[in-house]
Structure formats: structure tokens, C-alpha cells
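1. Fold the following and give me the result.
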Amino acid sequence: MLMRSPLARERRRPAGFIVPCQPTLSVKAPSGPAWLHEIKHDGYRIIACKSGDQVRLWSRNGRDWSREFLAVTEAVTALKVEDIALDGEAMAHCKYGLPDFHGLRSSAAGLAHVCSPSTC
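-> Down below sits the predicted model:
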């Protein structure tokens, strides 16, 4: 019998897992004192959790990205708090300052990535 690994949505999530917020497409950003919003870039939605000296970066499917996004892990580790959970988007910029999803993946894999204004 062929055994398959579980689909991402069927994997067991870690204890205490917090599901990241998911972006909603909109033509215009909402306004007013009751709204808080951000621009959706081309990256990975991440929950960064710090408890004491331990930091984990969780994807929406419960995958731990702590080792792949070391700069984010180190920044959260340096925060002067014992416990915190941050919801945000891990992303990379190309040398032109534009979001670069492929650069994010390439950096995580340790590969070089060439970026131009037309490819970013």
C-alpha cells in the first residue's frame, strides 16, 4: 500500500498554535479609528512566538520556519520581552526595493537570485 504524507491542512499543528490572519483583497484600504491594516506583499504569513529564550516562526499550516528565516528569528529573540506573539509577513526585497518572493525562497535555500525591475 502506498503511504502518502498528510496534506498541509491535515497535519497536526503544534500545541498553542495561533492561526495567522489572512489578507483580504480590497481596492481601497479601510479608514477610520477602528481599522488597522497593512499592505499585502508577496511573502509568507508568519506567527512569530517567543517564550523565554525559545523562538518559533509558524506558517499558516503549522510549519516551523525558524531556521529558514534566521534574520527574523534573531530579531524576535532580541526583543526585550519574555513572551510575545507577532503576526506578520516574512518577505524579501530585491536590490530595487520591490517585494521578491523568489528571492525569499532562494535565500532560504542558500541560493543566489538575480533580480531586475522587470522580474520583481
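2. Helices along the protein, start to end?
-> With DSSP state H as the criterion, the chain has helices at 70-77, 101-109.
3. Lowest mean pLDDT across the ones you listed, which one is that?
-> Note on the helices of the chain: lowest mean pLDDT is at helix 101-109, with a mean of 60.
4. quick one, what contacts Val76?
-> Contact partners of Val76, counting by Cβ atoms under 8 Å, 6 or more residues apart in numbering, are Ala48, Lys50, Val55, Leu57, Ile84, Leu86. No exception for glycine: its C-beta is placed from N, CA and C like everyone else's.
5. now the last one, which residues is it bridged with?
-> Right, Leu86. Beta-bridge partners recorded for Leu86 (DSSP bridges): Ala48.
6. and it, what is it in contact with?
-> By Cβ under 8 Å, 6+ apart, the contact list for Leu86 reads Ile47, Ala48, Cys49, Val76.
7. which two in these are spaced the farthest apart?
-> Farthest pair in those (Cβ to Cβ) is Ile47 and Val76. Separation: 10.6 Å.
8. Give the residue spans of the chain that score low on pLDDT.
-> Along the chain, segments meeting pLDDT under 70 span 1-16, 23, 37-40, 104-120.
9. rerun that using 80 as the cut-off
-> 1-26, 29-30, 35-42, 92-95, 97-120 (pLDDT under 80).
10. quick one, strands of it?
-> Ranges of strands within the chain are 44-51, 54-59, 83-90, based on DSSP state E.
11. just checking, what packs against the second one?
-> Using 3 or more Cβ pairs under 8 Å, 6 or more residues apart in numbering; DSSP states H and E as the contact criterion, the elements in contact with strand 54-59 are strand 44-51, helix 70-77.
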